[in-house]
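Participant: output the structure for:
(one chain, ligands or ions: 2)
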Amino acid sequence: VDEQGVDGARTGVAVRPGVDAAVVALARGVEDAMIATDRVLGEFLGDRCAAAAAVSPAYGRLWDDLAAQVGGKRVRPRLTLAAYLGTGGTDPVGAAPVAAAQELLHTAMLAHDDLLDHDEVRRGRPNLAGLARTRTVRGGVTGRALEDQVLAAGLLGGDLALASAFALASTAPVDPALRLAVVDLLVAAVGTTVAGELLDMLAELSPPQSVDALLIAELKTAGYSCRIPLASGAVLAGAEPPVVAALERYGTALGIAFQLADDELGVFGDPAMTGKSVLSDLREGKRTELLRLAYAGADAVGRAVLDRNVGDPGLDEAGADAVRAVMVDTGALARVQAMAETSAERARDTARDAVPGPLSEYLVGVVDDLAGRGH
Ligand code: FPP
Ligand code: MG
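Facilitator: Ligands and ions are numbered 1, 2, ... in the order given. The predicted model follows:
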């Protein structure tokens with residue numbers, strides 16, 4: 001999901017036939033504000049890299065490696081800007097650092113999540129840990145000492161990204177009360193996501209059938225990826241509380257659909273498109289709704305296939321194929337796809353019924369780009 005393009009589709013809203021002129025104008029405004037946001041991110045990171053290099057070459061390298069991790073589709077800043085401009089905001093310069101903060105929070109989350117998941121590839125490239133491993137191995141370091149360096153890079157780089165998110169939001173050139181409100185939302189995003197990640201980690205100790213993967217998706221993904229970026233933009237624009245609440249409901253439904261699609265791609269996706277291993281989730285034994293349903297629907301033979309392969313760190317393509325077959329044959333894959341579509345439809349309905357103006361149609365389009373399969 002992380003590498004599938006919302007960019008192209010949203011920027012392309014202007015050329016879709018039948019799109020209302022006000023929606024086109026909003027989409028163009030969002031893309032213009034994204035340029036400002038990218039500039040803010042680039043300048044912030046450039047400044048920090050230069051300052052860090054002056055402290056020590058190794059610290060400079062950590063910032064350089066971090067800067068190289070920032071930016072994929074940039075869904076979160078785009079949601080912030082859409083909510084801001086779509087609820088009456090008129091100052092993209094003020095909103096850009098708040099939007100950029102959402103992206104850096106995401107970078108921080110990914111750095112730490114990859115450590116917890118033992119992943120060293122992200123978006124098809126080495127992540128902070130992977131870059132440190134290559135560099136450290138080149139220096140002849142092995143064993144525990146090597147692993148310590150790899151852990152330090154992911155942990156410390158993630159810390160820098162987290163602090164950077166707060167640095168950007170807390171210096172946004174906006175009314176101080178609004179600035180404080182968006183910083184509070186970032187704090188809330190961290191808390192919600194940590195709760196979700198904690199439950200996700202603990203879920204590894206539980207049988208897959210007993211895990212509430214939808215609650216985890218809501219806490220771990222929907223909050224910081226959709227709900228809070230949207231709320232941040234709307235709060236910054238001074239939107240009325242019912243509009244903020246509608247955007248939050250929309251964001252939660254969108255985020256859950258997004259996570260269900262991501263879990264599917266983690267097993268059935270094309271690594272060339274997703275930039276992620278298609279074995280990692282299965283090797284980790286990741287407790288997804290897809291896996292829960294596969295267990296729930298499997299007979300004794302199917303369960304034995306799942307038990308043998310899921311959570312096996314040495315799982316190969318043949319083993320993964322056997323698991324995929326169980327997921328298909330039990331109907332688990334089809335049910336997860338249907339659940340994702342139900343959540344996507346809930347998001348569309350909320351956007352249509354409760355979000356005012358051109359933002360309504362814009363957000364319906366976002367569902368199709370990010371999580372939907374049609375409509
Ligand atoms: C990805 O899940 C999970 C997240 C992006 C949330 C991670 C949250 C934390 C590490 C806790 C809070 C961290 C900070 C810095 C405050 P996934 O593993 O299902 O997705 P993936 O397949 O993209 O890795
Ligand atoms: Mg992960």
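Participant: where are the low-confidence patches of the stretch 251-375 of the chain?
Facilitator: Counting by pLDDT under 70, the stretch 251-375 of the chain contains low-confidence ranges at 275, 372-375.
Participant: mind running it again at 90?
Facilitator: Along the stretch 251-375 of the chain, the parts satisfying pLDDT under 90 run over 270-278, 280-281, 284, 368-375.
Participant: identify the residue of it closest to ligand 2, quick one.
Facilitator: When scored by CB to the ion, the stretch 251-375 of the chain has residue 280 as its residue closest to ligand 2, at 7.5 Å. (Glycine included, C-beta is placed from N, CA and C.)
Participant: would you say residue 71 is within a strand?
Facilitator: No: counting by DSSP: H, G, I helix; E, B strand; the rest coil, residue 71 is not part of a strand but coil.
Participant: only the buried residues of stretch 243-260, if you could.
Facilitator: 243-244, 246-260 (16 or more other CB atoms under 10 Å).
Participant: oops, could you answer that again for stretch 172-184 instead?
Facilitator: Across stretch 172-184, burial judged by 16+ other CB under 10 Å covers 172, 174, 178, 179, 181, 182, 183.
Participant: show me the contacts for the residue in the stretch 1-150 of the chain that ligand 2 sits nearest to.
Facilitator: Closest to ligand 2 within the stretch 1-150 of the chain is residue 117: 3.8 Å, counting by CB to the ion. Counting by CB atoms under 8 Å, 6 or more residues apart in numbering, residue 117 touches 280, 284.
Participant: show the pLDDT at it.
Facilitator: Looking at residue 117, its pLDDT stands at 88.
Participant: and the strands in the stretch 1-150 of the chain?
Facilitator: 121-122, 125-126 (DSSP state E, counting those that start in this stretch).
Participant: strands of the stretch 151-300 of the chain, residue ranges please.
Facilitator: Under DSSP E, counting those that start in this stretch, the stretch 151-300 of the chain gives no strands.
Participant: so which of the strands of the stretch 1-150 of the chain is the most packed in?
Facilitator: Among the strands of the stretch 1-150 of the chain, ranked by average contacts under mean count of other CB atoms under 10 Å, first place goes to strand 121-122 (a mean of 19).
Participant: what is the burial count for the residue in the stretch 151-300 of the chain positioned nearest to ligand 1?
Facilitator: Going by CB to the nearest ligand atom, ligand 1 is nearest to residue 197 of the stretch 151-300 of the chain, at 3.8 Å. By the criterion of other CB atoms under 10 Å, residue 197 has 18 neighbours.
Participant: that one is in contact with residue 115, isn't it?
Facilitator: No: with contact defined as CB atoms under 8 Å, residue 197 does not reach residue 115; the gap is 11.1 Å.
Participant: for the longest helix seen in the chain, what is the distance to the chain centroid?
Facilitator: Determined from DSSP state H, the single longest helix within the chain is helix 21-55. Relative to its chain's centre, helix 21-55 lies at 18 Å (CA atoms, centre = their mean, to the nearest Å).
Participant: tell me the buried residues in it?
Facilitator: Buried-residue list, helix 21-55, by 16+ other CB under 10 Å: 23-24, 26-27, 29-31, 33-34, 36-38, 40-41, 44-45, 48-49, 52.
Participant: residue contacts, the spatially most central residue of the chain?
Facilitator: The C-alpha lying nearest the average C-alpha coordinate of the chain belongs to residue 225 (CA atoms, centre = their mean; 5.2 Å). Going by CB under 8 Å, 6+ apart, residue 225 touches 75, 76, 106, 255, 258.
Participant: from residue 350, how far off is residue 160?
Facilitator: Using CB to CB, to the nearest Å, we find residue 160 at a distance of 36 Å from residue 350.
Participant: so which bits of the stretch 251-375 of the chain are right by ligand 1?
Facilitator: Where the stretch 251-375 of the chain comes near ligand 1, counting by CB under 6 Å from any ligand atom, the residues are 266, 276.
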